[in-house]
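J.: here is the input, now give the coordinates:
(3 chains)
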Amino acid sequence: MRILSLASPSPWARALNRFTRNNAAVFGVVLLVPLLVCVLSYPLWLGHLPNDIDLAAMNAGPGGAHLFGTDGVGRDILARTLEGGRISLLVAVASVALSTTIGFLVGALAAFGGRWADAATMRAVDLAMTLPPVIFLLVLASIFGSGICSTVLVIALLSWPVLSRMIRARLMELREREFVMASRGMGAGTWHLLFRHGLPNSVDVLVVYAALQIAAAILLEAGLSFLGLGVPPPAASWGNMLNAARSTVVLEQYPWQWLFPGAALVLAVLAINFIGDGLRDAFDPRSDLN
Amino acid sequence: MKFDKTVKAFAIVAALLGATTLASSAQDVSAISGGFDVGPGGFQGNFNPLAATSGFTWLSNYLEPLVIYDAKLESIVGALASSYTVSPDQLTYTFNLADAAWHDGEAFTSADVKFTLGLAQNDKTGSVFAARLGSIAAIDTPDDKTVVITLSAPSAGFLDALTKVMQLPEHALTSVPAEELAKSAWWSTTPIGTGPFKFVKYETDQYVELAANPDYRLGKPAVDQLINRYFENPAAAISALRAGEIQFTYVDSNDVATFAGDAAFQVIEGQSYVTNYIGFNNELDLWKDVRVRQAIMHAINRDAIIESLYGGAARPANCGYVSEQLVPEGINPYGYDPEKARQLLAEAGWDQINGDKPITILTYYGTPLAANVLAAIQAMLAEVGVNIVPRVVDTPAYNAIVYADPLKPEEFPLVYAGLQNGPEPSNINIGLNEAQIPPAGSNFLHVRTPELTAALDAAMAELDPAARNGKYAEVCRVMNETLPWGTMWVASRYGVASSSLTDFVWTPAPAGGPFAAHPEAWKISK
Amino acid sequence: MFRYVSRRLLIGLGMLVALTVLTFILLQLTPGDPIDAYVDPNVSMSQAELDALRARLGLDRALPMQYLAWLGQAIQGNLGYSLQRQSEPVLGLIVARLGPTLLLMGTGLAVAIVVGISAGIISAVRSNTAADYSLSVVALLGISSPAFLTALLGLYVFSVRLKWLPSGGMLTPAASFSVADLVQHLILPAVLLSIGHAAMIMRYMRSSLLEVLNQDYVRTARAKGVREFWVITKHAVRNALLPVVTLIGSTIGLAIGGAIFIESVFNWPGMGLLLVNAVEVRDYPVIMAATLVVGAFVIVVNILTDLTYLVIDPRIKVS
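T.: Residues are numbered from 1 along each chain as shown, chains lettered A, B, ... in the order given. Next up, the predicted model:
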């Protein structure tokens, strides 16, 4: 009971409290952390490397030397699933970092730049959202080629418009608040306003967006690789391992080659979605009422 | 309330499903359906034979050329020309035409042949044959059933080019201006040919339907309908084949395993006539020393790749050809010998030339098989100290890179590609002859080997058919020695047909052929 | 109101033109042109032959000229011919694909809306119970699985193994048209398509309804003694629908672009596949026309969505 404490907990502490009491969010963490540990540490304890081919042991089923079986050139599926986790997560995190930055800056430009900047920026955002994602995706992938950097770029360019809208709304709301007007009155410049006041007060939007967008980016990378764009083999990514399932032989006779990366992908995305939801509820003070 | 609605919905769906099973069991016409345009030999949605770079298997069901390859792709036999003779100096070709009628009843005459060849030579019509038929000097039609074609210079590939020129009716097309021909709706709505089947309709992007032509010169077809279904990719076609919705399709080689041993299907295997090779970009100093190229050949265990990844369905190529009559005795088999490869690389000073810096190998092959093959090659080359990095792009990007003007050779130091090497052996000239460096030809690797160019020129100029094989064998020997390419193998391609089909003929010909499949003889049993 | 709509339409028209310019520029940046795509690299043609083909198709003109020529024709309603298959008019291709796309997306979205909204309401009303938890987990699974994986699994289980439903296409070829045949081909792709959308709609509905149920006016209605059923359906749901309508609106807008994965796996002749194929072979006229059509559709749907707000909540003023 907190009746006698004189200092009330900070908003961060309250958010953390709400998060830890959210069963689903905790479950997500419990699911994700071991996965992350395995993915990051596998060279220390797994004997196989993800790119070691072994033509004598092609398409072997799970068990024995290869816990998850082998693929079409004899590479260990467990090693590739873990390596694929690294690459898929890397692509997702990098693209989210990039799209968050772009989205924040564009939203800030719209909110603080004046009426013309606002109108022009929002029209540009509308344009980006009207362009059919299929075309944008395919054309960008053709231009940048396939590869980790290109995939990061493509995913980032597809995701930033949504964030810029939310940031713009939040910053415009903040602009009217008294402490901002006071700062301006004291001569604060735009950059100062943005990074000293705007950014900290948008963190909840940013964090929730980032968490959910990481999940979306993992799925988007899988989709890109399924279409043959995205991360190219022989590098392993969950998406391009699932691409193998396009062949009927693999789909039916060697299910371990796509079931394991598929399950890993679904689990990771599920866990991240749980965590993202938990973060959203944690930052929303009204969720205490539910 | 919601429960009631759900129950009702289920009931309706169940009733509909029941009704459809009853409806689909009634079939009074015999029809053969297939994915005839699936795979590399097909060209879905193209109905204009003048603009066709492939898809001839399907087109030859309702259109016919003057001459055609036999089903084994070994010799050229007559189709609409019942016989033909070639003058000793190889400049005059005389064709005697068969008794045939167009699908609208009009007779097929030499005027149609002259008209068709005129269209094919005119690039305003969008014809892709204009250059290949450029050696035609004159076309004479002494009577309705004879055509005499005079060439300005002997051309080894002339008959091969003629097999792809589908004859078109003068009376139907003469009124269409040449520039409008490519855009005409005639091709996909009411085309007229002389073949065993008549065009009925084209459902946009779905399927094409043909009906039997009872007046066909070789007899009425055994089945009433032929249907060509379009598929997004071979996997969708395979699903349809397994579900019994079609009776034939092209199948990727690693999907053949699902049908092997299944009595309900027959697997058809044929040579692809495409040599897969690792191409060395001659504009870069990396590959100047022949020892480096030899080392690469020795470092790759081709037999292991063929055995495990191709399932044995490929023949190792030590030059551009694999057919026995074109491969001389005693050429270097470049057996798998990584120790020798390292030795050769050391002798050539590979560490100074490149060391283990990554080298891009560009390819347009995007299938899982190709990805596995490249992964295997990459691992094998890494063993001897050559570090390659596969880069897969789609066909237009590939063509844009290798034919770029100005050329950037550092973007494609190596390529993994294929070139058609048959059934007409002169087909590889365009990729290896120094005179065929772009824009004149397709020698985008800028191969400049005088010995090879001389051998190719000699073979193309050889007039005596008996001596030609010997000349091409010489080409093979030179290729094997000078290694302009690291030739890998010639793979087999496959089709799978339902066992309910009898007398069904298909071969995985490059570009779809055409070849004498005799579709009028195909039968389907229930 | 009229002024608002006409102003939006005018802005929309401007955006359409900007969209086509953007698409044109993107296409020019893409490596390779239609002729590069036309030729199988295994069976080569000389560059001279290819350049002749390019000249015939007008691909060697200056870029702004090519764009303006296209725009001039497009305004008059002539969208040109496909470069890959030159006897196919582009408009015909697009119209042939619009019907199946609308059918697939319409059915899929209808199913998704019904299932999503009902599940969302149940979940919110019975929040924090077993029903809520199980529905939420199912919804999360729905949005966490890649669409193509569920499509492949569905195809494999229901079509290849159980042989209950056809493996692809829209109708049985060369058979006379029947609604039953169409439904048979439609069920599997539409249901698989609806999974992802139903999950999203359910989550939005749930969170929105939960928020509304805490509002004062709901408490007032309950205090007045209104039956719980009417409280929920007549008062709460109506107000909770707003963000869901936004979501549905943007989903419909994107829907016309087709669902590439489902169409690819089931060989459904929709706009998605048309676009993917056209980009693969750099078929510029088809890509430009398809972008135009899809862009116009998105803009119109956005306007309609905003108008729907007025119906649902008269407090909203469109500014």
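J.: from here on, just use CA atoms for contacts and neighbour counts.
T.: Noted.
J.: correct me if wrong, but B:Ala211 is in a helix.
T.: No. The assignment for B:Ala211 by DSSP: H, G, I helix; E, B strand; the rest coil gives strand, which leaves it out of any helix.
J.: got the phi/psi numbers for the closest residue to it other than its chain neighbours?
T.: Of all residues not flanking B:Ala211 in the chain, B:Gln225 sits nearest, at 4.6 Å (C-alpha to C-alpha, 6 or more residues apart in numbering or on different chains). The phi and psi values for B:Gln225, taken as degrees, to the nearest 10, are phi -140, psi 150.
J.: got the contact list for B:Gln225?
T.: If you count contacts by C-alpha atoms under 8 Å, 6 or more residues apart in numbering or on different chains, B:Gln225 has them with B:Val29, B:Ser30, B:Ala31, B:Ile32, B:Glu209, B:Leu210, B:Ala211, B:Ala212.
J.: now do the contacts for the last one.
T.: When you say that, I think you mean B:Ala212. Neighbours of B:Ala212 in contact, by C-alpha under 8 Å, 6+ apart: B:Pro196, B:Phe197, B:Lys198, B:Lys220, B:Pro221, B:Val223, B:Asp224, B:Gln225, B:Leu226.
J.: for B:Ile149, which non-adjacent residue is closest in space?
T.: Leaving aside its chain neighbours, B:Ile149 sits nearest to B:Ile139 (4.6 Å; criterion: C-alpha to C-alpha, 6+ apart).
J.: what's the lowest-pLDDT member of the contacts of B:Gln225?
T.: Scanning the contacts of B:Gln225 for pLDDT, the low point is B:Val29. It has 81.
J.: the residue of the stretch 151-290 of chain A found nearest chain B sits in which helix or strand?
T.: Per C-alpha to the nearest C-alpha, A:Val249 is where the stretch 151-290 of chain A lies closest to chain B, at 5.4 Å. According to DSSP states H and E, A:Val249 maps onto helix A:248-253.
J.: what is the burial count for residue 64?
T.: All of this refers to chain A. Residues contacting A:Gly64 under the criterion other C-alpha atoms under 10 Å in any protein chain shown number 9.
J.: wrong one, I was asking about chain C
T.: By other C-alpha under 10 Å, the burial measure for C:Pro64, its neighbour count, is 12.
J.: my guess is C:Leu98 contacts C:Leu273, does it?
T.: No. Applying C-alpha atoms under 8 Å, one finds C:Leu98 not in contact with C:Leu273, separated by 11.5 Å.
J.: between the two, which has more neighbouring residues?
T.: Neighbours were tallied for C:Leu98 and for C:Leu273 using other C-alpha under 10 Å; the higher tally belongs to C:Leu273 (24 against 18).
J.: leaving out chain neighbours, which residue sits closest to the more buried one?
T.: Leaving out its chain neighbours, the residue that sits closest to C:Leu273 by C-alpha to C-alpha, 6+ apart is C:Ile260, at 5.9 Å.
J.: what about residue 188, how many residues nearby?
T.: As the question left the chain open, I've gone with chain A. 14.
J.: I was thinking of chain B, sorry if that wasn't clear
T.: 20.
J.: SS state for B:Asp205?
T.: Secondary structure state of B:Asp205, per three-state DSSP, is coil.
J.: sketch out the low-pLDDT regions of the chain for me.
T.: Chain wasn't specified; assuming chain A. In the predicted model of chain A, residues A:1-7, A:134, A:285-290 satisfy pLDDT under 70.
J.: can you look at chain B instead?
T.: Low-confidence segments of chain B, defined by pLDDT under 70: B:1-28.
J.: what does it put close to chain A?
T.: With the criterion set to C-alpha under 8 Å from any C-alpha of the partner chain, chain B comes near chain A through B:235, B:238-239, B:254-255, B:257-258, B:304-305, B:308-309, B:366, B:368, B:371-372, B:375-376, B:379, B:391-393, B:397.
J.: among the residues you listed, which ones are buried?
T.: B:235, B:238-239, B:254-255, B:304-305, B:308-309, B:368, B:371-372, B:375-376, B:379, B:391-393, B:397 (16 or more other C-alpha atoms under 10 Å in any protein chain shown).
J.: which residues touch C:Ile248?
T.: C:Ile248 sits in contact with C:Ile201, where contact means C-alpha under 8 Å, 6+ apart.
J.: which pLDDT does the model give it?
T.: pLDDT at C:Ile248 comes out at 81.
J.: now the helix or strand harbouring C:Leu26: buried residues?
T.: Secondary structure assigned from DSSP H and E places C:Leu26 in helix C:2-29. Neighbour-count burial for helix C:2-29 flags C:Arg8, C:Leu9, C:Gly12, C:Met15, C:Leu16, C:Leu19, C:Thr20, C:Val21, C:Thr23, C:Phe24, C:Leu26, C:Leu27 (criterion: 16+ other C-alpha under 10 Å).
J.: and it, how far from the chain's centre?
T.: 19 Å (C-alpha atoms, centre = their mean, to the nearest Å).
J.: for stretch C:149-156, same thing?
T.: 20 Å.
J.: near chain B, anything from it?
T.: No. Using C-alpha under 8 Å from any C-alpha, stretch C:149-156 never reaches chain B; the gap is at least 8.7 Å.
J.: buried ones in that stretch?
T.: For stretch C:149-156, burial by neighbour count (16+ other C-alpha under 10 Å) applies to C:Leu149, C:Thr150, C:Ala151, C:Leu152, C:Gly154, C:Leu155, C:Tyr156.
J.: next, the contact list for the fourth one, please.
T.: The contact partners of C:Leu152, by C-alpha under 8 Å, 6+ apart, come to A:Ala245, A:Arg246, C:Val265.
J.: picking up where we left off before, kindly indicate the member of the contacts of B:Gln225 with the most neighbours.
T.: The member of the contacts of B:Gln225 surrounded by the most neighbours (other C-alpha under 10 Å) is B:Ala212, with 24 neighbours in all.
J.: could you give the bridge partners of that one?
T.: B:Phe197 (DSSP bridges).
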